[in-house]
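Q: With the sequence up front, the predicted model follows.
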Amino acid sequence: MANTKFNATVTSINGCEVSAETRDFKITVDEPKSSGGTNKGMNPVELLLNSLGACQVIAAKSFAKAKGIKLNKLKVEEEGILDPDGFSGKNPNVPKGFSEIKSTFFIDADNTDEEIQNFVDFVNSICPVHNTLEHTPKMDTAIKTYVK
């Protein structure tokens, strides 16, 4: 199968508030008031954690039956550790992003603990967001000016 391209357009609205658009969907991303925003939406790192959790849940739900897992209930909680001194420039030795992300799966399934552990390992191995975070992709940046 050929590579598939995904696109996102993010536009500044006011202050830290931005509009994030993909296909026919739009969300507001912002910072809390304590960080200079208006608290109209999740901030980018919260959105990243939610993207990871959503990807893990969708992957689990998509493959459970094929893997012989009888899921009754599923929830994933994400916790990221980030020191703001890194991206604020206060401490150049601190990472500018998450130094650690912990996923906690809450699973009610009619399976053994070993089967569930193997399934969670499988889910992480196929989750595109988990893999993107674990194996950093090549990044490129271009600059264009608005046409006046």
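A: Arrived safely, thanks for sending. This structure is a prediction, so every number in the text was calculated from the model and none was measured. Residues are numbered from 1 along each chain as shown.
Q: List the contacts of the helix or strand of the chain with the lowest mean pLDDT.
A: Every helix and strand of the chain was ranked by mean pLDDT, DSSP states H and E. The lowest is helix 84-87, at a mean of 88. If you take CB atoms under 8 Å, 6 or more residues apart in numbering as the criterion, helix 84-87 is touched by 90-91, 94-97. In this view, the C-beta of every residue, glycine as well, is placed from N, C-alpha and C.
Q: Need the pLDDT of Met1.
A: Per-residue confidence (pLDDT) for Met1: 76.
Q: actually Ser12, not the one I typed
A: For Ser12, the model assigns a pLDDT of 96.
Q: Validate this expectation: it resides in a helix.
A: No. Counting by DSSP: H, G, I helix; E, B strand; the rest coil, one finds Ser12 to be strand, located in no helix.
Q: Please name the residues that touch the nearest residue to it once chain neighbours are set aside.
A: Counting by CB to CB, 6 or more residues apart in numbering, Val18 is the residue found nearest to Ser12 once chain neighbours are left out, at 5.7 Å. Shown in contact with Val18 (CB under 8 Å, 6+ apart): 10-12, 28-30.
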